[in-house]
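Trainee: Generate a structure from the sequence data that follows.
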Amino acid sequence: MRIAFYAPMKPPCDPVPSGDRTLARLLIAALAAAGHTVELASGFRTFDRAGDPVRQRRIASIGERLAERLSRRWWQRPPRERPKLWFTYHLYHKAPDHLGPLVCERLNLPYVVAEASFARKQAHGGWAVGHAAAAAAICRANLLLGLNPADDEGIRALLPEPERLKAFPPFIDAQPYARAAFDRVEHRGAMAARLGVDPTEPLLLTVAMMRWGDKLASFRLLAEALALATDRPWRLLICGDGPARPAVEATFAPLANRIVWLGAVEGADLPALYAAGDVYVWPAVGEAWGMALLEAQAAGLPVVAGACGGVAAVVDDGGTGVLVPVGDAGAVATAVCTLLDDVDRRTRMGWAGRAHIAGRHDLPAASRRLKAALRSVQATAATARRKV
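Mentor: Residues are numbered from 1 along each chain as shown. Here you go, the predicted model:
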């Protein structure tokens with residue numbers, strides 16, 4: 001089946017790396033692995049960071065024109081070359097889908113959305129225009145794939161048929177991380193030599209974009225937590241970059257002799273980096289679920305994270321890591337120290353993490369779920385067309 005794919009928040013072709021871009025690309029890969037032909041419908045980005053109603057109305061107007069143009073262009077194709085389903089990844093009030101619902105209406109296509117969220121509190125604020133558009137798209141969807149359980153309540157409140165919302169665990173291509181875990185001794189030795197440190201010194205790791213807002217809040221909480229753990233030996237490797245980097249660096253200034261700034265690391269080099277560490281730590285302030293948490297577990301690292309959003313759905317508390325109350329620096333410090341003091345527990349959690357990702361959050365599993373879900377949507381849509 002030919003599928004039109006669209007990501008209004010951030011297209012998969014965007015030059016700036018992020019979890020959104022990564023998952024968009026992974027969804028395309030999973031759809032292709034399921035035997036579908038995927039066509040990028042548009043690179044049009046609807047994201048409005050500031051909550052500007054005028055800008056949102058302008059975005060909506062552009063979106064409507066693009067949708068009409070796409071509909072006409074696709075209708076002119078031979079039937080076998082037209083998309084048979086529209087698939088949107090990540091829509092919400094700041095990044096609604098102005099294209100998919102209109103194109104699906106014009107061409108009578110099933111409309112599928114992965115990772116939507118709906119917050120009634122935004123109905124009358126600066127994002128009211130985007131909020132209304134997101135609500136309309138959610139109500140129009142034949143199927144909604146929920147990656148973050150924290151979004152389920154808001155979505156179900158909109159749906160006359162709540163069964164249209166299906167749980168869909170977030171996922172990664174775990175194989176490079178699993179392979180790196182088997183070579184952990186080699187990667188660990190290479191990292192110790194690179195840093196000029198004792199190979200037995202515990203290495204903490206965090207991988208995150210350095211952005212204002214929740215990301216910076218997480219970095220600040222992490223610095224506060226680790227300042228409470230200086231009676232243990234450890235070194236923190238920070239991987240990432242972004243506009244808030246000076247603020248992040250200033251936050252860690254009191255711990256300067258314990259911090260290694262790695263900057264942005266290419267995706268192909270990330271598995272070895274994870275495998276070289278001992279504990280992955282991230283306070284997860286405002287986190288939906290966290291791509292890096294999946295990557296860390298796939299590489300055999302136990303995780304310490306804040307229990308925010310859907311984090312508890314991707315980290316098995318007590319099994320593959322330790323979850324703590326969001327915003328509690330003392331709890332983060334205690335969890336880190338507990339794992340630093342117990343090598344055997346770290347090892348058990350690492351092995352459990354790899355199995356957890358392989359069984360539930362790996363690309364092949366996601367591809368199988370997508371194949372089954374879209375087959376069901378197609379069948380339902382075909383039945384509805386025959387009744388018309």
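Trainee: Let me know the average pLDDT across the helix or strand where Leu205 lies.
Mentor: Assigned by DSSP states H and E, Leu205 belongs to strand 203-207. Predicted confidence along strand 203-207 averages 98 (mean pLDDT).
Trainee: Give the next helix or strand downstream of it.
Mentor: Per DSSP H and E, the first helix or strand lying C-terminal to strand 203-207 is helix 214-226.
Trainee: Going along the chain, name the helices of the stretch 51-200 of the chain.
Mentor: Taking DSSP state H, counting those that start in this stretch as the test, the helices found in the stretch 51-200 of the chain are 53-75, 100-107, 128-140, 152-156, 175-182, 184-195.
Trainee: Keeping just the C-alphas, turn the strand holding Leu205 into CSV.
Mentor: Extracted in CSV, the C-alpha atoms of strand 203-207 (Å, rounded to 0.1, in the frame of the first residue of the first chain):
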residue,chain,number,x,y,z
LEU,A,203,30.9,6.9,34.1
LEU,A,204,27.5,8.5,34.2
LEU,A,205,25.9,9.5,30.9
THR,A,206,23.2,11.9,29.7
VAL,A,207,22.3,12.6,26.1
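Trainee: Give me the helices and strands touching that strand, please.
Mentor: Contact partners of strand 203-207 among helices and strands, from 3 or more CB pairs under 8 Å, 6 or more residues apart in numbering; DSSP states H and E: strand 235-239, helix 270-276, strand 279-282, helix 291-298. C-beta here means a position set from N, CA and C on the backbone, and glycine is covered the same way.
Trainee: Show me the contact partners of the first one.
Mentor: The reference is to strand 235-239. Outside strand 235-239, the residues that touch it by CB atoms under 8 Å, 6 or more residues apart in numbering are 191, 195, 197, 201-208, 226, 248, 252, 255, 258-265, 270, 273, 277, 281.
Trainee: I'd assumed Ala288 was in contact with Asp214.
Mentor: No - under the criterion of CB atoms under 8 Å, Asp214 is not in contact with Ala288, lying 9.9 Å apart.
Trainee: more crowded one of those two?
Mentor: Higher neighbour count among Asp214 and Ala288: Ala288, with 22 against 15, using other CB atoms under 10 Å.
Trainee: now that one: how far from Glu81?
Mentor: From Ala288 over to Glu81 the distance is 36 Å, taken as CB to CB, to the nearest Å.
Trainee: ok so, going back, please check the contacts of strand 235-239 and keep the buried ones.
Mentor: Buried members of these, scored by 16 or more other CB atoms under 10 Å, are 191, 202-208, 226, 248, 252, 255, 258-260, 265, 270, 273, 277, 281.
Trainee: before we move on, back to that, distance to Val336 and mean pLDDT for the helices of the stretch 51-200 of the chain - can I get that in a markdown table?
Mentor: A markdown table is the format used below for these (distance: least, CB to CB, whole Å; pLDDT from 0 to 100):
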| stretch | distance to Val336 | mean pLDDT |
| --- | --- | --- |
| helix 53-75 | 42 | 98 |
| helix 100-107 | 43 | 98 |
| helix 128-140 | 38 | 97 |
| helix 152-156 | 31 | 94 |
| helix 175-182 | 21 | 97 |
| helix 184-195 | 18 | 94 |
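Trainee: Take these and write them to a markdown table, including distance to Leu23.
Mentor: What follows is the helices of the stretch 51-200 of the chain, written out as a markdown table (distance: least, CB to CB, whole Å):
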| stretch | distance to Leu23 |
| --- | --- |
| helix 53-75 | 22 |
| helix 100-107 | 17 |
| helix 128-140 | 18 |
| helix 152-156 | 18 |
| helix 175-182 | 16 |
| helix 184-195 | 25 |
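Trainee: circling back to that earlier point, contacts made by the strand holding Leu205 with the rest, please.
Mentor: For strand 203-207, the external contacting residues (CB under 8 Å, 6+ apart) are 188, 191, 222, 226, 234-240, 265, 270, 273-274, 276-282, 292, 295-296, 301, 336.
Trainee: Just give me how far it sits from the chain centre.
Mentor: 19 Å (CA atoms, centre = their mean, to the nearest Å).
Trainee: Also stretch 141-149?
Mentor: How far stretch 141-149 lies from its chain's middle: 14 Å, per CA atoms, centre = their mean.
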